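Novice: take a look and give me a structure for this.
(chains A and B)
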Amino acid sequence: MAIYAAPGSADSVVTFKPRYDHYIGGEYVAPAKGQYFENPTPQTGQTFTEVARGTADDIEKALDAAEGAAPAWGKTSVGERANILNKMADRIEANLEKIAVAESWENGKAVRETLVADIPLAIDHLRYFSGAIRAQEGHLSQIDEDTIAYHFHEPLGVVGQIIPWNFPILMAIWKLAPALAAGNAVVLKPAEQTPASIHVLMDVVGDLLPPGVLNIVNGFGVEAGKPLASSPRIRKIAFTGETTTGRLISQYASENLIPVTLELGGKSPNIFFDDVAAQQDAFYDKALEGFAMFALNQGEVCTCPSRALVQGGIYDEFVAQGVKRAEQVKTGNPLDTDTMMGAQASNDQLEKILSYIDIGRQEGAKVLTGGERADLGGDLSGGYYVQPTVFEGNNSMRIFQEEIFGPVLSVARFNDYEDAMKQANDTLYGLGAGVWSRDTNTAYRAGRDIQAGRVWVNNYHAYPAHAAFGGYKQSGIGRENHKMMLDHYQQTKNVLQSYSNNAQGFF
Amino acid sequence: MTEISTSTDVTEQVAEVPGSGTGRVALSPQASELLVQLTDIHGPLMFHQSGGCCDGSAPMCYPDGDFKIGGQDVHLGDLTVEGLEKPIGFYMSASQFEYWKHTHLTVDVVKGRGSGFSVEAPEGVRFIIRSRLFTDDEVRDLGDL
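Specialist: So this is what the prediction gives:
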């Protein structure tokens, strides 16, 4: 066990600068309007740095830099681009603790997670796309004896990316790795709630990329996100966030006739069939852990298993033991490596979660555990902490239908397989789902019948590169985390060539 | 200006500006005043209630027409603000309205930071929906949209 010193204290492994400008053309550039906004850490609520408040002028400057860099970057060999991604991965690995602590301070999440999940996954993601781009091949089709259709992959050019606040660095790398591997230049806007940690990352890797290939403009959605998403100068926009903003971004994209990838909300079911409890063994223990997975990243995950559906035969006993497991989730100082659950990412998010807990109570859902804000004392009293909370209710309640984005689990009972599928699919969303069963036939059928892009069978919350991730229904468009994402960042160029010396015979 | 609350209990009942809305949706005095300021900056405005995820479940306020309303949206009503020429339309996606149609909505504002592309975000405040369930009589009187 270890407790990392808070950034700002003398013995911290990371030092934030007092102010961050925009990162444009390989250097830091002050915002055109000269304005900055404060960035508090969710761990204590105290501001630790200020960040440039970008506007349309800054976006234009970043687009200038990206347009300047894109042609040469798109023509570098894939070997060279792959090497750069590998070097970025190596540098991040060598600075793992520094970046992990910065991410915990920025977002509020437990450093235990950033050390073993967020940052290692980001590293692996870069290496995966480094390998994927090296291994990618175009295709050819022989149309007839003299005519060949060649299909080349070409970069799109300049792309826009808007990043959410729940995994500020990992979600940025999810988007950056395929875009850069494919040879695009990027203008990226981090979430205004978590604008700073990516600049700690840029301190580590920024010099590896040619100037202008990656540009970062901070700011608010309406002031910086909109001019980026609606710009006729981008060839694609990628967004992770909520549904109405996703629609708005799609509308901007339609005006410019550019493609869009969206990763939006979820209300993921986690289904436990009776046979899970057939034995009290290691698998049963694993299933109980699966029940408690709603607390991962303080519940601030689009795939949070926020609805547990438990079959009638084991309901009482399994839920009682699952609640016990949830009660063992240790909340505390996020910089303590023993802490399992840290702070919510912002005061607004904390308040939203507490509101939903009120709504659940008023709807008649029963609180099985938690249900309150957590006061951790000392400096942490100003932070944004919630107790892991489990409600019992039914699937028509708002807490079962609306994404709370917090450590709040809603539990309901189901009778048989059909009932499980009906409740699981009775949602506007289709991002993730969990299925727990010892019966491979049941697990397989459920995996296929659930309308979601990712179904975890007998596990949950694993995000390896090389497993496609994305949504059905209102959860989005596109599949990240897999080489198929390269397609979303590439054009297909068809060269249709004739090897015949003879006239085609038309005229 | 009327003081802006820090209470974010969405089930709390707050005062509404009489005549500011309809049976389904209306404005608190604080929201009404903020909309005048925001109109000065951004021009005429509109609301679209968002669904979920990180920044979700908030009334998103956009320059009027910026968000294209289509066949999958429901118009809950127009909000009238003293001092503004045009009423402010309030919309929601039809699929979400199915879950919310039994609820009266009051658009209020609290201190904090709005999200997404909503225009109040840079001002250190955010719009919030306070809600209460309709009585059976109200549901009968409102009819369908």
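
Novice: ok, is stretch A:416-427 in contact with chain B or not?
Specialist: No: for stretch A:416-427, no contact with chain B is found by C-beta under 8 Å from any C-beta of the partner chain; the gap never falls below 10.0 Å. Every residue, glycine included, has its C-beta placed from N, CA and C.

Novice: likewise for stretch A:262-279?
Specialist: Yes: for stretch A:262-279 and chain B, the contact criterion (C-beta under 8 Å from any C-beta) is met by A:264-267.

Novice: remind me, longest helix of the chain?
Specialist: Using chain A here. helix A:56-75 (DSSP state H).

Novice: let's do chain B instead
Specialist: If you go by DSSP H, chain B has its longest helix at helix B:29-42.

Novice: and that helix, what does it pack onto?
Specialist: strand B:45-49, strand B:59-63, strand B:103-111, strand B:125-133 (3 or more C-beta pairs under 8 Å, 6 or more residues apart in numbering or on different chains; DSSP states H and E).

Novice: give me that answer again for 7 Å
Specialist: Where contact means 3 or more C-beta pairs under 7 Å, 6 or more residues apart in numbering or on different chains; DSSP states H and E, helix B:29-42 is packed against strand B:45-49, strand B:103-111.

Novice: mind telling me which of these the model trusts least?
Specialist: Lowest mean pLDDT of the helices and strands packed on helix B:29-42: strand B:103-111, a mean of 91.

Novice: who touches the residue lying closest to residue B:58 once chain neighbours are set aside in this structure?
Specialist: Leaving aside its sequence neighbours, residue B:58 sits nearest to residue B:50 (C-beta to C-beta, 6 or more residues apart in numbering or on different chains; 5.5 Å). Taking C-beta atoms under 7 Å, 6 or more residues apart in numbering or on different chains, we find residue B:50 in contact with A:242-244, B:56-58, B:60, B:116.

Novice: need these in CSV (columns: neighbour count and secondary structure).
Specialist: Converted to CSV, the contacts of residue B:50 look like this (neighbours: other C-beta atoms under 10 Å in any protein chain shown; DSSP: H, G, I helix; E, B strand; the rest coil):
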residue, neighbour count, secondary structure
A:242, 26, coil
A:243, 28, helix
A:244, 30, helix
B:56, 24, coil
B:57, 26, coil
B:58, 23, coil
B:60, 29, strand
B:116, 27, coil
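
Novice: from these, which is closest to residue A:56?
Specialist: Nearest to residue A:56 out of the contacts of residue B:50 is residue B:116 (C-beta to C-beta; 17.4 Å).

Novice: doesn't residue A:452 make contact with residue A:433?
Specialist: Yes: counting by C-beta atoms under 7 Å, residue A:433 does reach residue A:452; the two are 4.4 Å apart.

Novice: just name the most buried of the helices and strands packed on helix B:29-42.
Specialist: Of all those, strand B:45-49 has the most neighbours on average by mean count of other C-beta atoms under 10 Å in any protein chain shown, namely a mean of 24.

Novice: what lines up beside it in the sheet?
Specialist: Here strand B:45-49 is paired, per DSSP bridges, with strand B:59-63 (antiparallel), strand B:88-93 (parallel).

Novice: from the chain's centroid, how far away is that strand?
Specialist: 7 Å (C-alpha atoms, centre = their mean, to the nearest Å).

Novice: and what of stretch A:27-46?
Specialist: A distance of 22 Å separates the centroid of the chain from that of stretch A:27-46, by C-alpha atoms, centre = their mean.

Novice: if we can go back for a sec, toward the C-terminus from the longest helix of chain A, list the very next helix or strand.
Specialist: Note on helix A:56-75: by DSSP states H and E, the next helix or strand toward the C-terminus is helix A:78-94.

Novice: who does that next one touch, helix- and strand-wise?
Specialist: Short answer (3+ C-beta pairs under 7 Å, 6+ apart): helix A:78-94 packs on helix A:119-135, helix A:168-181, helix A:197-205.

Novice: contact partners for residue 24?
Specialist: No chain in the question, so chain A it is. With contact taken as C-beta under 7 Å, 6+ apart, residue A:24 is in contact with A:61-62, A:65, A:215.

Novice: actually it's chain B I care about, not the one you picked
Specialist: Contacts for residue B:24 (C-beta under 7 Å, 6+ apart) come out as B:76-77, B:104-105, B:142.

Novice: Serialize these to TSV and add fields for distance to chain A.
Specialist: Formatted as TSV, these follow (distance: C-beta to the nearest C-beta, whole Å):
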residue	distance to chain A
B:76	14
B:77	18
B:104	14
B:105	13
B:142	19
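
Novice: and which of the contacts of residue A:24 is nearest to residue A:99?
Specialist: Nearest to residue A:99 among the contacts of residue A:24, counting by C-beta to C-beta, is residue A:215 at 20.1 Å.

Novice: let's see the pLDDT reported for that closest one.
Specialist: For residue A:215, pLDDT reads 98.

Novice: residue closest to the middle of chain B?
Specialist: Chain B has residue B:107 as the residue nearest its centroid, 4.0 Å off, counting by C-alpha atoms, centre = their mean.

Novice: for that residue, give its distance to residue A:239.
Specialist: Counting by C-beta to C-beta, to the nearest Å, the gap from residue B:107 to residue A:239 is 25 Å.

Novice: and for residue A:303?
Specialist: Residue A:303 sits 17 Å away from residue A:239, taking C-beta to C-beta as the criterion.

Novice: just residue A:217 next, same as before
Specialist: For residue A:217, the distance to residue A:239 - C-beta to C-beta - is 15 Å.

Novice: now residue A:257
Specialist: For residue A:257 relative to residue A:239 (C-beta to C-beta), the value is 17 Å.

Novice: okay, the two: which has more neighbours?
Specialist: Neighbour totals were compared for residue A:257 and residue A:239, and residue A:239 leads with 28 against 7 (other C-beta atoms under 10 Å in any protein chain shown).

Novice: what bridges to the more buried one?
Specialist: Judged by DSSP bridges, the bridge partners of residue A:239 are residue A:162, residue A:262.

Novice: can you give me the strands for the stretch 301-450 of chain A?
Specialist: A:307-311, A:366-369, A:389-392, A:408-414, A:429-430, A:432-436 (DSSP state E, counting those that start in this stretch).
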